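>>> turn this into a model:
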Amino acid sequence: MAGNAFTVLTKRAKLARAARFCVVGGTGTAINTAVLYLLSRRLGLPLPVSSAIAVEIAILSNYMLNDRFTFGARRPSVRRLAKFNITSLAGLGVNVMIVWLLARHGVYFLAANFVGIAVAVVVNYTFSVAWVWRREV
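Below is the predicted model:
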């Protein structure tokens, strides 16, 4: 019985953490989209370059928010930032490739960007839990 309650609490904690990760991701999505639009439409940078820069700016914001809000770290760590950035490079590659492919096939670039972000979230969360903020035993 007690083990069952622990399992339920553990599942709820994991679900709450995933929800916080998604909230942070929502702020990152807003930052990413605004920067992407500014760089590609206002400054005229190529779409892949604009997307890559937008993702990196969102990564830095997401790291700071996830470090404290999602994973409850007491203070930022250069090591975790490096790991999160490396992890996010996989998401960056996924995002940029999806934006490029979909836009090339006629999908509006901001819609393509949202698809790229959605797929990259799965990659980023998986590696964040398993590697970046994994509790050392």
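>>> and the host helix or strand of residue 10, what does it pack onto?
Taking DSSP states H and E as the definition, residue 10 sits inside helix 2-37. Packed against helix 2-37 by the contact rule (3 or more C-beta pairs under 8 Å, 6 or more residues apart in numbering; DSSP states H and E) you find helix 47-65, helix 109-127. Heads up, the C-betas are built off the backbone N, CA and C, glycines and all.
>>> so which of those is the most packed in?
Each of the helices and strands packed on helix 2-37 was scored by mean neighbour count; the highest is helix 47-65, a mean of 20, by mean count of other C-beta atoms under 10 Å.
>>> centre of the chain to the following helix or strand past that one, how far?
Per DSSP H and E, the first helix or strand lying C-terminal to helix 47-65 is helix 78-104. How far helix 78-104 lies from its chain's middle: 8 Å, per C-alpha atoms, centre = their mean, to the nearest Å.
>>> tell me the angle helix 78-104 makes with helix 109-127.
150 degrees (axes from the mean of the first three to the mean of the last three C-alpha atoms, to 10 degrees).
>>> list the residues that contact residue 115.
Neighbouring residues of residue 115 by C-beta atoms under 8 Å, 6 or more residues apart in numbering: 98, 99, 102, 107.
>>> I should have written residue 51 there, sorry.
By C-beta under 8 Å, 6+ apart, the neighbours of residue 51 are 36, 40, 95, 96, 99, 100, 113, 116.
>>> closest to residue 133 out of these?
The nearest member of the contacts of residue 51 to residue 133, counting by C-beta to C-beta, is residue 95 at 21.1 Å.
>>> once you drop chain neighbours, what's closest to the closest one?
residue 116 (3.7 Å; C-beta to C-beta, 6 or more residues apart in numbering).
>>> in this protein, which ranges drop under the pLDDT threshold?
1-3, 6, 136-137 (pLDDT under 70).
>>> if we can go back for a sec, mind putting the helices and strands packed on helix 2-37 in a markdown table, distance to residue 133 included?
Output for those, formatted as a markdown table (distance: least, C-beta to C-beta, whole Å):
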| stretch | distance to residue 133 |
| --- | --- |
| helix 47-65 | 10 |
| helix 109-127 | 10 |
